[in-house]
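# Can you look at this prediction? I've put the sequence above it.
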Amino acid sequence: MSRRLAKKISREEMLYEISQRMKFKRSEEYEALEEVFDKPTLMSLYKLIVKGTIGEVFGTIRAGKECRLYWGKTPEGRDVAIKIYLTSTTEFKKGRLIYIEGDPRFEGLLGRSTRALVYAWARKEFRNLKRAFEVGVRVPEPIDIEKNILIMEFIGEDGVPAPLMKEVELEDPEGTFWTLMDYVRLLYQKAKLVHGDLSEYNVMIWDGKPVLFDLSQSVTLDHPMAEFFLERDLRNLLRFFSKLGIPVPSLEEALRLVRGGGEHVL
């Protein structure tokens, strides 16, 4: 599809084409799509459909102030999660500056529009997922990115996402803890990343194993706050698992394990 042809497509034409792929059970979900998503976002969704990344779009999995998560399928029938970052929110910079400032991927963007920042933020999550996935950390596999729309592997079944770690009784809490420690180590040593917001709220349990998600705020090791974020991530893990009554290392020991100065990690 050429740029010239894309410009000629009206919002109504895009909505019609998109509506043919929608499998929403409630008409208000489609009405919300019309109301909330602006033409650039609809164009991005349309491109992903024409490209063959998206075949069908089902209902909303999660709706927040800053993004919407949909369950979808590829034309081949593979389940995917469709994460759409909203470009209209005025709250985007709040709470994110601590992750953005000092990140070379955002150089020259802080003074630009919210839309430009959202696009960069979405690309950042795609790249973070890719780096994590490639070093063996269990995360949703990143599939495609188009401006503020991120397509990734759906973790769950039949449109029902996997439960959060905070919502389940772990079959093997000690094994889960050391698996997560290994993930943190692989992120740090191999992917050169720190998750930045790791807790029981950003870990899903699927097939008895933990899956990290929401890597949008993850930072590279050259970020000035990387070590602070690493300590905070580890404190969250140690707090959660110590409450389950399993033996956990001290923060200092956990830091040595992650940085490469100790043993016991899987």
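Yes, it's here.
# mind giving me the domain split of this protein?
Domain assignment for the chain, taken from automatic domain parsing, gives 3-160, 162-259.
# Please pull up the helix or strand immediately following the lowest-mean-pLDDT helix or strand in the chain.
Taking mean pLDDT, DSSP states H and E as the measure, the helix or strand of the chain with the lowest value is helix 3-8, at a mean of 47. Next helix or strand after helix 3-8 toward the C-terminus (DSSP states H and E): helix 11-21.
# three-state assignment of Arg62?
strand (DSSP: H, G, I helix; E, B strand; the rest coil).
# ok, it touching Arg68?
Yes. Contact criterion C-beta atoms under 8 Å: Arg62 and Arg68 qualify, at 7.4 Å. Quick note: C-beta positions are derived from backbone N, CA and C, even for glycine.
# Mind checking the pLDDT average for the top helix by length along the chain?
Among the segments of the chain that qualify as a helix by DSSP state H, the longest is helix 114-134. Mean pLDDT, helix 114-134: 92.
# just to revisit the earlier point, JSON lines please, covering the domains of the chain and showing mean neighbour count.
Output for those, formatted as JSON lines (neighbours: other C-beta atoms under 10 Å):
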{"stretch": "domain 3-160", "mean neighbour count": "16"}
{"stretch": "domain 162-259", "mean neighbour count": "18"}
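# between the ones you listed, which gets the lowest average pLDDT?
domain 3-160 (a mean of 81).
# So which residues of the protein form strands?
Listed in chain order, the strands of the chain (DSSP state E) span residues 56-63, 67-73, 79-85, 142-146, 149-153, 156-157, 160-161, 193-194, 203-206, 209-212, 219-220.
# Can you add distance to Pro40 and give these back as CSV?
As requested, those are arranged in CSV below (distance: least, C-beta to C-beta, whole Å):
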stretch, distance to Pro40
strand 56-63, 18
strand 67-73, 15
strand 79-85, 12
strand 142-146, 10
strand 149-153, 10
strand 156-157, 29
strand 160-161, 27
strand 193-194, 29
strand 203-206, 30
strand 209-212, 30
strand 219-220, 27
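# So for Arg115, which of those sits nearest?
Across those, Arg115 has its closest neighbour in strand 79-85 (9.8 Å, C-beta to C-beta).
# Quick check: neighbours of that closest one in the sheet, parallel or antiparallel?
Next to strand 79-85 in the sheet, as set by DSSP bridges, lie strand 67-73 (antiparallel), strand 149-153 (antiparallel).
# quick revisit: kindly calculate the angle that the longest helix of the chain makes with strand 67-73.
50 degrees (axes from the mean of the first three to the mean of the last three C-alpha atoms, to 10 degrees).
# Spit out the contact partners of Leu180.
Going by C-beta atoms under 8 Å, 6 or more residues apart in numbering, Leu180 touches Leu198, Val203, Pro210, Leu212, Leu237.
# mind running it again at 7 Å?
Residues near Leu180 by C-beta atoms under 7 Å, 6 or more residues apart in numbering: Val203, Pro210, Leu237.
# How about Glu200?
Leu164, Met165, Lys166, Phe240.
# same question, Leu238
By C-beta under 7 Å, 6+ apart, the neighbours of Leu238 are Val248, Leu251, Ala254.
# Let's see that with 8 Å instead.
Neighbours of Leu238 in contact, by C-beta under 8 Å, 6+ apart: Val248, Pro249, Leu251, Ala254.
# now it: how far from Thr179?
Distance of Leu238 to Thr179, computed by C-beta to C-beta, to the nearest Å: 15 Å.
# Make a markdown table out of the strands paired with strand 79-85 and add distance to Lys39.
Shown next, in a markdown table, are the strands paired with strand 79-85 (distance: least, C-beta to C-beta, whole Å):
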| stretch | distance to Lys39 |
| --- | --- |
| strand 67-73 | 17 |
| strand 149-153 | 14 |
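# right, and the strands of the chain - which one's nearest Phe229?
strand 193-194 (4.7 Å).
# which residues are in contact with that closest one?
The contact list for strand 193-194 (C-beta under 8 Å, 6+ apart) reads 128, 131-132, 187-188, 215, 218-221, 223, 226-227, 229-230, 233.
# So what are the sheet partners of that strand and their directions?
Partners of strand 193-194 in its sheet, by DSSP bridges: strand 219-220 (antiparallel).
# Fine by me, thanks again.
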